[in-house]
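In: Quick one, fold the following:
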Amino acid sequence: MSFSNRRRQLIIAPVITGLSSLCYSMQAFAQAYPSRKIRMVVPFPAGGPTDIVARPLAKLLGDMLKQQVYIDNRGGAGGSIGADAVAMAAPDGYTLLMGTVGTNAINATLYKKLPYDVTASFTPIATIASAPIGIVVNAKAGFKTLADLIAQARANPGSINYGSAGNGTPGHLAGAMFCKAAGIKLTHVPYKGSAPAVTDLIGGTIPLMFDPVQSILPHVLSGSLIALAVTSLTRSKVLPNVPTVSESGIKGFEATAWWAVFAPAKLPPEVKQKLTSALENIVRSDSYARRLSDIGVQTLDIPLAPFQQKEIAKWGDAVRETGLSLE
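Out: Just a heads-up that it's a prediction; the model follows:
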């Protein structure tokens, strides 16, 4: 063996040994994962729609992984505070985000200076659930069908107000998408949350509202509000007699709220696979589907990364259509 070859071997050998040790340690870490409790950050207050979806999921995930998965509510700034906390966490699988259409799609365009990147800052794990937006009216508003609403809006552009849970929320932007698709003009009235908007809708202060089904469901079932349509491509199981927007004449219209689990970027592939497999099993289970269906939410079982990219583009167009931009 020549001196140069011998020298090359002496240089390379420690590198190979180091790489082998690193691969072994990563495999050992993945096999041992999880060895302690896992934090699932919900970027909105306790008791809200995202929290309601996350809590039974955390319990089932903990049971499957044989470690506690606990909820950490970190609300504020449209979910950005909680999402950023996860983006900044160690990529070890012990901090997860219950992401939403807002935190991981809408906010990319809505905020001028978002502290995180909705894709690059995270590892996509699995889709969890979705819910249509309900187009609901006061029982005395005079609209019996979506066609009635569109006809009056065309006859009197801008004269009909619609409420939402706030600027940049799925309800607000679904309303903007609907106006563009229907060729009409409605005037947006933002509220600070769904509850005050629903109160004003029932009281007749506003005639119309766009909001996720779980917020308006009890009032539709009681008869105090009328649902003209839902914005999913298929009818809601809890409102089977309410047509979709697509059925009502605006073919292919879809704008749904959704939830998905993300981890910090650079999560080890073996850990990602373990989490994805566990979450997919939960989403496909009858027990979790039943828990969600009671509140008008359905499980969503599709690959997350390509779905998220399409949603970023779709909701980004809606944000730009409104001209809305938040600090």
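In: Per-residue pLDDT of the residue nearest in space to the middle of the chain, please?
Out: With distances taken as C-alpha atoms, centre = their mean, Thr100 lies nearest the centre of the chain, 2.3 Å away. Here the pLDDT value assigned to Thr100 is 97.
In: now stretch 271-285, how far from the centre of its chain.
Out: Centroid separation for stretch 271-285 versus its chain: 17 Å, with C-alpha atoms, centre = their mean, to the nearest Å.
In: Likewise for stretch 313-322?
Out: Using C-alpha atoms, centre = their mean, the offset of stretch 313-322 from its chain centre is 16 Å.
In: List the buried residues of that stretch.
Out: For stretch 313-322, the neighbour count (16 or more other C-beta atoms under 10 Å) marks 314-316, 318-319, 322 as buried. Any C-beta I mention is one placed from the backbone N, CA and C, and that applies to glycine too.
In: Then stretch 192-202?
Out: 194, 197-198, 200-202.
In: And stretch 112-119, by the same measure?
Out: Residues of stretch 112-119 classed as buried: 114, 116, 118-119 (neighbour count, 16+ other C-beta under 10 Å).
In: got the contact list for Val41?
Out: 72, 74, 82-83, 85-86, 95-98 (C-beta atoms under 8 Å, 6 or more residues apart in numbering).
In: Am I right that it falls within a strand?
Out: Yes: assessed with DSSP: H, G, I helix; E, B strand; the rest coil, Val41 lies in a strand.
In: Please shift the residue numbers so they start at 12 in all later answers.
Out: With 12 as the first residue, the last one maps to Val52.
In: what about it, distance to Thr130?
Out: 18 Å (C-beta to C-beta, to the nearest Å).
In: hmm, back to that, quick check: beta-bridge partners of the residue nearest to the centre of the chain?
Out: Trp270 (DSSP bridges).
In: coming back round to it: mind putting the buried residues of stretch 203-213 into TSV with pLDDT, secondary structure and distance to Val272?
Out: Below are these laid out as TSV (pLDDT from 0 to 100; DSSP: H, G, I helix; E, B strand; the rest coil; distance: C-beta to C-beta, whole Å):
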residue	pLDDT	secondary structure	distance to Val272
Ser205	88	helix	24
Ala208	93	helix	29
Val209	94	helix	29
Asp211	97	helix	34
Leu212	97	helix	33
Ile213	97	helix	35
